[in-house]
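> One predicted model, sequence on top.
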Amino acid sequence: MAIPKVGMMVFPLFWFLFSTIFPTLPTQANTFPPCNETEKHALLRFKRALYDPGNRLSSWSAHDDCCEWNGVCCHNITGRVIKLQLRNPCISDFEEISCNTYNFSLGGKVSHALLQLEFLNQLDLSWNNFGGIPIPSFLGSIRSLTYLDLSDASFGGLIPPQLGNLSNLHYLSLGGSNYYTPSLYVENLHWISHLSSLEHLAMFQVDLHKEVHWLELTSMLSSLSELILYDCNLDNMSPSMNYVNFTSLTFLSVSWNRYIHEIPNWLFNLNASLLHLNLGGNQLTGQIPECLGQLKCLESLLLDYNSFDGPIPSSLGNLSSLVSLNLFGNRLNGTLPSSLWLLPNLVRLYIGNNSLVGIVSEAHLKKLLKLKTLDMSSTSLIFKVNPNWVPPFQLEYLYMSSSQLGPNFPTCLQTQTSLWHLDISNSGIIGMAHNSFSGPISQFLCQKLNGASQFEALDLSNNDLSGELPQCWMSWPSLSHLNLGNNNLSGKTPNSISSLISLKALHLRNNSFSGSVPSSLRDCTSLRLLDLGCNQLLGNISNSIGELTSLNVLFLRYNKFTGEIPLQICQLSSLIVLDLADNEFSGFKPKCLNNFSLMAAIKTPDSLFTALQYSRYEIYVESVVLMTVGRELEYKGILKYVRIIDLSNNNLVGSIPTELSQLVGLRFLNISRNHLIGSIPENFGRMTSLLSLDLSRNHLSVYIGNAQLCGDPLTKNCTPVDESLSKDSIEENEGFEIPWFYISSMGLGFIIGFWGVCGALIFKKNWRYAYFQFVYYMRDWVYVVVATRLKWF
């Protein structure tokens, strides 16, 4: 009976302690305790210091339980705040989704009130915009933190070494997306060695060039499994070092730095753990070593955009677990090793933009059963397969541009029903069936699929395709990027192209399309880039153009469009490129060009063109060839920063719209070779971003108010004329006689002078001897004088 008595004494004591420690324990199993009042007020002070343009923290009210607030996570027993997850909601897995990143970015200051969150173990402020302010040093005092993500949040300046006090930290991510100066940097990384529990360390665009011992310091972290140092100005990976203490490392990415040496030896000792190796975007040299074949656990090997030369090592065939191999953009040469085609788990293979040669046939590809992505672009490889071959894989991405794929369209592509992106531009394909667009390519476009095609990007540009486009675009509802530019296509633009409801970019430039632009194109409401330049299109631009309100680029140059520029074009407020040059437009009625809000702003939104970047697993960067400063240049990565209006070489009349002066972000303005009159608007001086302004070959009164100007094309003569002389006599008599007198006198003087001297020397022998004797004497005298003077020195 002693045991029950002890139990009766201990149980009340236990219950007292439990109720004291957890006073807010709920009485019902399906409820959670309210948040701590002290922590609620701390969070409200934290909110007041923030700038919240998207009203993301609207749920943070003093009248509500803070555990129910957006981004706040509490312990389900204690009610104490343990997580603040305030990552920008427009970012999912490093990709922007439906909303505008900029509008939903938190900013302002990070309040010290966070110090009152005693049990906070996760803080995520990533993908926000804190305007370049320093990372608060007091964060190093929140010792309970195990997870800290401040990446892509536009923090700047020195990374506080106080972060080294976070001894419980498992995850640390800093840097990236800082458009302010100074960007994040360190004086040294000694504080890193104190983070003994760290498993994930990521630094994006953090300047680490002052820390020459980064490798030794990071290798001291015995728990480290993932190390990412992207674009950190590192220039040395200690290539001579044979061993580092990365005992747990599975993921190593040191891409886009400045290494100018060979692959370091210590990498080959990570054969027991390393799964992912990314050395892309550096300047690594030499041949790819055979020793890489020792890393038999590797699932991903990225060596793209370096300066490797020589052949692809056959030892890569030993990497049987390899899923992704990227050798794109090097100087590799020779033929492909046979072992490369024996990798049973290979899903992504990039070998483009190298000097590789040889033939790739179905015999090479037949064992790559899991292949989803193949890039052989910009090589001398010849793709040669049997017309009836059915690949054992289903590709999602195929890049064969600038390779030897033609002349016939590869019929095996008709079996690839999972394709999302096909780029076979500039690959030597020509039309079939009497040089028309009807052979296998037409079958490919119009094939009857089991359901609609899931294609998102199709690039057949820079080939020799001819004929008319087929009327079967309704089978491609997912297509977002279509490029048929630089071919020999003709006929009218099919109405069915309006069925491409997901279309974002349409390139039909440099063909021979005729007729008018179908008004049904207005149904492509997602369209952001429309390039119909260099064709034979004619007629008026339909008023329906104003319904394409998402349009960023409108390029109609080198066509035969007539009529007035429609007022509805001013509804395209997102335009950054408007090129209507070299047409036959007349009139100039749009007085609303100031509606182009992106041209009226100097700053470029970060999210601009994000919708144009095709990204499921890949990025498709759009480009446009523009005429700027008299030259045709391709704008690709920097296209989002271009602001251009080109209306040159038309029949525009009237005066220059004063509204143009409000486009202060405009960089190129060309309205030359028209019939414009009047003066230049005075406010044009406000357009401080202009790099090029061309108003020439019009009838502008640009000289009014300049009394001292004279000469052509003005009627005022710059040469004073004696009024006592007749104007007619000056022009008719002296105007021609005086110049000819001087010309004839100069000719006569030359003849007399030449023969008076040279003729005498030719016909008088003693004169000739005397002349050359004098010349030799002077030569010897000069030599003696110079030699004597030099001897004195």
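Received, thanks.
> Where does pLDDT dip in the stretch 551-700 of the chain?
Low-confidence segments of the stretch 551-700 of the chain (pLDDT under 70): 589, 606-607, 614-619.
> Oops, could you answer that again for the stretch 301-450 of the chain instead?
406, 430-444, 447-450.
> For it, just list every one of the strands.
Along the stretch 301-450 of the chain, counting by DSSP state E, counting those that start in this stretch, strands occupy 309-310, 324-326, 331-334, 348-350, 355-360, 373-375, 380-383, 397-399, 421-423.
> and what of the stretch 601-750 of the chain?
Here the stretch 601-750 of the chain has its strands, by DSSP E, counting those that start in this stretch, at 624-628, 631-635, 644-646, 653-655, 668-670, 675-678, 692-694, 699-700.
> Quick one: the strands of the stretch 301-450 of the chain as CSV, columns for distance to residue 389 and mean neighbour count too.
The way it works is simple: take the backbone N, C-alpha and C, and place the C-beta from them, glycine included. Below are the strands of the stretch 301-450 of the chain laid out as CSV (distance: least, Cβ to Cβ, whole Å; neighbours: other Cβ atoms under 10 Å):
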stretch, distance to residue 389, mean neighbour count
strand 309-310, 31, 14
strand 324-326, 23, 21
strand 331-334, 26, 16
strand 348-350, 18, 22
strand 355-360, 12, 16
strand 373-375, 15, 23
strand 380-383, 11, 17
strand 397-399, 15, 23
strand 421-423, 17, 22
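> Please tabulate these in CSV, including the columns distance to residue 533.
As requested, these are exported to CSV (distance: least, Cβ to Cβ, whole Å):
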stretch, distance to residue 533
strand 309-310, 40
strand 324-326, 34
strand 331-334, 35
strand 348-350, 32
strand 355-360, 34
strand 373-375, 29
strand 380-383, 31
strand 397-399, 25
strand 421-423, 21
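> Counting neighbours, what do you get for residue 544?
Residues contacting residue 544 under the criterion other Cβ atoms under 10 Å number 16.
> Use 112 as the first number from now on
Shifting the count to begin at 112 puts that one at residue 655.
> For the closest residue in space to it that isn't next to it in sequence, what are phi and psi?
The shortest distance from residue 655 to any non-neighbouring residue, by Cβ to Cβ, 6 or more residues apart in numbering, is to residue 633 (4.0 Å). Note on residue 633: its backbone torsions stand at phi -60, psi -20 [degrees, to the nearest 10].
> first vs last residue of stretch 290-303, how far apart are they?
Distance between the two ends of stretch 290-303: 26 Å, counting by Cα to Cα, to the nearest Å.
> what does it rub up against?
Residues from elsewhere that reach stretch 290-303, judged by Cβ atoms under 8 Å, 6 or more residues apart in numbering: 242-243, 246, 265-270, 272-275, 285-286, 289, 309, 312, 314, 316-319, 321-322, 324-325, 328-329, 332, 717.
> list the buried ones in it?
For stretch 290-303, the neighbour count (16 or more other Cβ atoms under 10 Å) marks 294, 295, 296, 297, 300, 302, 303 as buried.
> Flag the least confident of the residues you listed.
Lowest pLDDT of the buried residues of stretch 290-303: residue 294, 90.
> how near is that one to residue 237?
Per Cβ to Cβ, to the nearest Å, residue 294 is found 16 Å from residue 237.
> excluding its backbone neighbours, what's nearest the most centrally placed residue in the chain?
Nearest to the geometric centre of the chain sits residue 748, at 3.4 Å (Cα atoms, centre = their mean). What sits nearest to residue 748 in space, not counting adjacent residues and going by Cβ to Cβ, 6+ apart, is residue 732, at 6.2 Å.
> and if you look at residue 490?
Closest residue in space to residue 490, ignoring its immediate chain neighbours: residue 467 at 4.7 Å, by Cβ to Cβ, 6+ apart.
> Against residue 389, how distant is that neighbour?
Residue 467 sits at a distance of 22 Å from residue 389 (criterion: Cβ to Cβ).
> for residue 606, same thing?
Applying Cβ to Cβ to residue 606 and residue 389 gives a distance of 47 Å.
> for residue 635, same thing?
38 Å.
> now the helices for the stretch 262-411 of the chain?
Counting by DSSP state H, counting those that start in this stretch, one finds helices in the stretch 262-411 of the chain at the ranges 325-329.
> mind listing the strands for it?
282-286, 311-315, 337-341, 362-364, 387-389, 411-413.
> what lines up beside the fifth one in the sheet?
It stands for strand 387-389. Strand 387-389 has the following strand partners under DSSP bridges: strand 362-364 (parallel), strand 411-413 (parallel).
> Comparing those, which comes out most buried?
Most buried of the strands paired with strand 387-389, by mean neighbour count (mean count of other Cβ atoms under 10 Å): strand 411-413, with a mean of 21.
> Pairing partners for residue 787 in the sheet, please.
In beta-bridge terms (that is, DSSP bridges), residue 787 pairs with residue 765.
> which residues does it contact?
Taking Cβ under 8 Å, 6+ apart, we find residue 787 in contact with 699, 763, 764, 765, 766, 767, 806, 809, 810, 811.
> Nearest to residue 648, out of these: which one, please.
Nearest to residue 648 among the contacts of residue 787: residue 763, at 18.6 Å, using Cβ to Cβ.
> For the closest one, which non-adjacent residue is closest in space?
Using Cβ to Cβ, 6+ apart and skipping residues adjacent in sequence, the residue nearest residue 763 is residue 785, 4.1 Å away.
> phi, psi of residue 618?
phi -110, psi 120.
> residues near residue 148, how many?
Residue 148 has 10 neighbours, counted by other Cβ under 10 Å.
> Any figure for the gap between it and residue 196?
In terms of Cβ to Cβ, residue 148 sits 22 Å off from residue 196.
> measure residue 421 to residue 466 for me?
Distance from residue 421 to residue 466, counting by Cβ to Cβ: 10 Å.
> what do these two both touch?
Counting by Cβ under 8 Å, 6+ apart, the common neighbours of residue 421 and residue 466 are 443, 444.
> For this structure, which segments count as helices?
Under the criterion DSSP state H, helices of the chain are mapped to 113-132, 148-159, 325-329, 473-476, 551-557, 838-840, 846-874, 876-903.
> can you redo the strands of the stretch 712-861 of the chain as CSV with distance to residue 457?
CSV is the format used below for those (distance: least, Cβ to Cβ, whole Å):
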stretch, distance to residue 457
strand 735-739, 35
strand 742-746, 33
strand 755-757, 44
strand 764-766, 63
strand 779-781, 46
strand 786-789, 61
strand 803-805, 49
strand 810-811, 64
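> Could you report the neighbour count for the nearest residue to residue 534 once chain neighbours are set aside?
Sequence neighbours aside, residue 570 is the residue nearest to residue 534 in space, at 4.1 Å (criterion: Cβ to Cβ, 6+ apart). Residue 570: 22 surrounding residues under other Cβ under 10 Å.
> repeat for the one 4 residues further on
Close neighbours of residue 574, defined as other Cβ under 10 Å, add up to 27.
> quick one: residue 437 from residue 297, how far?
Computed as Cβ to Cβ, the residue 437 to residue 297 distance reads 29 Å.
> pLDDT score assigned to residue 142?
Residue 142 carries a pLDDT value of 67.
> one step back: compare residue 606 and residue 389 and say which one has the larger neighbour count.
Using other Cβ under 10 Å, the more surrounded residue of residue 606 and residue 389 is residue 389, with 20 against 14.
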